[in-house]
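Enquirer: how does the following fold in three dimensions:
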Amino acid sequence: GAAAELEEACAARVIERIEAAIAQGEAAGLQSELAAPRELLEGLRHEARLAEARAVLEAAVQARALDQLVAAIREGEACGLHEEEVMSVAKHALKLEEQRA
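Expert: Just a heads-up that it's a prediction; the model follows:
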């Protein structure tokens with residue numbers, strides 16, 4: 001049933017599967033059982049956003065494109081990416097590109 005699917009989806013930690021299981025649970029009338037899966041879903045979405053921000057920052061540093069660096073640094077800061085090494089490399093690259101521009 002819906003509760004079992006919620007449990008399996010959460011164990012798998014796949015965003016799309018958890019979203020589908022939550023929808024199935026809502027349709028089945030589950031309420032309190034949805035709190036933990038929703039929290040997990042938000043956490044996984046945040047982790048995915050951080051991973052994407054990290055990848056975009058790394059690509060922008062390699063591309064050495066001023067506009068990409070600015071956008072990537074803003075996104076990294078907006079989603080709470082605090083990995084000093086990644087952010088400082090990107091900011092250093094930005095400074096170098098600004099000096100060259």
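Enquirer: contacts and neighbour counts: CA atoms only from here.
Expert: Fine.
Enquirer: how much space between Leu50 and Glu19?
Expert: Separation of Leu50 from Glu19 (CA to CA, to the nearest Å) stands at 19 Å.
Enquirer: more crowded one of the two?
Expert: Leu50 (20 against 17; other CA atoms under 10 Å).
Enquirer: give the next helix or strand downstream of the top helix by length along the chain.
Expert: What stands out as the longest helix in the chain, according to DSSP state H, is helix 35-63. Counting by DSSP states H and E, the next helix or strand C-terminal to helix 35-63 is helix 66-78.
Enquirer: extract the CA atoms of that following helix and return them as PDB.
Expert: C-alpha atoms of helix 66-78 as PDB (Å, rounded to 0.1, in the frame of the first residue of the first chain):
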ATOM      1  CA  LEU A  66      33.300  36.400 -16.000                       C
ATOM      2  CA  ASP A  67      29.500  36.200 -16.300                       C
ATOM      3  CA  GLN A  68      29.400  32.500 -15.500                       C
ATOM      4  CA  LEU A  69      31.700  33.000 -12.400                       C
ATOM      5  CA  VAL A  70      29.500  35.800 -11.000                       C
ATOM      6  CA  ALA A  71      26.300  33.700 -11.500                       C
ATOM      7  CA  ALA A  72      27.900  30.600 -10.100                       C
ATOM      8  CA  ILE A  73      29.200  32.400  -7.000                       C
ATOM      9  CA  ARG A  74      25.800  34.000  -6.400                       C
ATOM     10  CA  GLU A  75      24.000  30.600  -6.700                       C
ATOM     11  CA  GLY A  76      26.600  29.000  -4.400                       C
ATOM     12  CA  GLU A  77      26.000  31.700  -1.800                       C
ATOM     13  CA  ALA A  78      22.200  31.600  -2.200                       C
END
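Enquirer: just want the angle from the helix or strand containing Leu94 to helix 35-63.
Expert: Element membership for Leu94 (DSSP H and E) is helix 84-100. Calculated by axes from the mean of the first three to the mean of the last three CA atoms, to 10 degrees, helix 84-100 forms an angle of 40 degrees with helix 35-63.
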